[in-house]
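>>> next input, structure requested:
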Amino acid sequence: MDSSHKLWWKRVHLRYFAANVGLPLFVLYHAPAIAFQGKTRVWTLIYAFVTGLSITAGYHRLWSHQSYKACLALRIFFAVVGAGALQLPIRMWAADHRAHHRFTDTDRDPYNSRRGLFYSHIGWILTYDSSRFGKGSEGVDLSDLDRDAVVVWQRRAYYPLAGLMAFVFPACVAGWLWDDWAGGFLYAGCLRVVIVWHVSYCINSLAHWAGHQPYSARNTSRNHALLAVLTLGEGYHNYHHAFPRDYRNGPQWCDFDPTKWWIYWWEVVGLVWDVKRFQVGTGEAKVGIGL
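Sure, this is the predicted structure:
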């Protein structure tokens, strides 16, 4: 490890640091004074699921890997609701993720697991780094995203859209329906964002550290069943690195992959098409309905 890696704290990205450290502290400070009502708890879980699914099915499997094609209405839904997860615009998310797959476990991998568990979990977000803000994105083709009107629109409208969907919308739902404006903002808004953040971050860190490698040992990616439960199916990470364009992360019928199930049913009703599946052992790609 070179000296620049050891001095990561001298390159702190103040805006991302303030968000990732300040928001959890904000929740902890205000939580004792604001009751976590039963209806708000349910709403927090529902909105965490919906925003998380917009990341896993939309940002990840649709836009980063082109695992399937989706109708305009579903793409708009992913772009709008996914903004509420506060994980940056689709284009930047996909650029980081494509670089991760192309340069896995190297210095051009934005969340290189060989730089440590903390770095791959959140350190890469908190710091300026050439692998993310510079050379890491070179050689990553984003032309398809630049031709996607929904991606272009979301990038331009991202910050007001993200504020609206992350904080205003969940507060309004709780406020208008059961008069819990403060709880809707603090829990369905702020706490949910923090939870979805760290659940997502675990794929970059724990899924390259703990688990088994049934499909490939060429990199540090691992399958981890518990992570699959927490991440709507993203925890079968070793399979995903072996077959990144497969719409399934868990290819077996018994694998807990809710994102796969949703995409399957969207295909059944005609909202998505050209859904890609790969045959383990042969690597043969198949397109069409099937789990």
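>>> pull the number of nearby residues for Val152.
15 (other CB atoms under 10 Å). In short, each C-beta sits where N, CA and C put it, glycine included.
>>> list the contacts of it.
By CB atoms under 8 Å, 6 or more residues apart in numbering, the contact set of Val152 is Asp146.
>>> wait, is it part of a strand?
No - using DSSP: H, G, I helix; E, B strand; the rest coil, the assignment for Val152 is helix, not a strand.
>>> just give me the residue right at the centre of this structure.
Geometric centre of the chain, nearest residue: Ile55, 4.5 Å, by CA atoms, centre = their mean.
>>> settle this for me: that residue is touching Ile203, isn't it.
No - using CB atoms under 8 Å, Ile55 is not in contact with Ile203, being 10.2 Å away.
>>> rewinding a little: from Trp176, how far out is the residue nearest to the centre of the chain?
Distance of Ile55 to Trp176, given as CB to CB, to the nearest Å: 26 Å.
>>> does Leu226 touch Tyr236 like I think?
No - look at Leu226 against Tyr236 with CB under 8 Å: they stay out of range, at 11.5 Å.
>>> settle it for me: which of these two has more neighbours?
A direct count of neighbours by other CB under 10 Å for Leu226 and Tyr236 places Tyr236 higher, at 30 against 13.
>>> residues contacting that one?
Contacts of Tyr236 (CB under 8 Å, 6+ apart): 223, 228, 249-251, 255, 257.
>>> looking at these, which are in helices?
Ala228 (DSSP state H).
>>> using JSON lines, lay out the contacts of Tyr236 together with distance to Arg277 and neighbour count.
Output for the contacts of Tyr236, formatted as JSON lines (distance: CB to CB, whole Å; neighbours: other CB atoms under 10 Å):
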{"residue": "Asn223", "distance to Arg277": "18", "neighbour count": "23"}
{"residue": "Ala228", "distance to Arg277": "18", "neighbour count": "24"}
{"residue": "Asn249", "distance to Arg277": "12", "neighbour count": "29"}
{"residue": "Gly250", "distance to Arg277": "12", "neighbour count": "24"}
{"residue": "Pro251", "distance to Arg277": "8", "neighbour count": "21"}
{"residue": "Asp255", "distance to Arg277": "13", "neighbour count": "18"}
{"residue": "Asp257", "distance to Arg277": "12", "neighbour count": "28"}
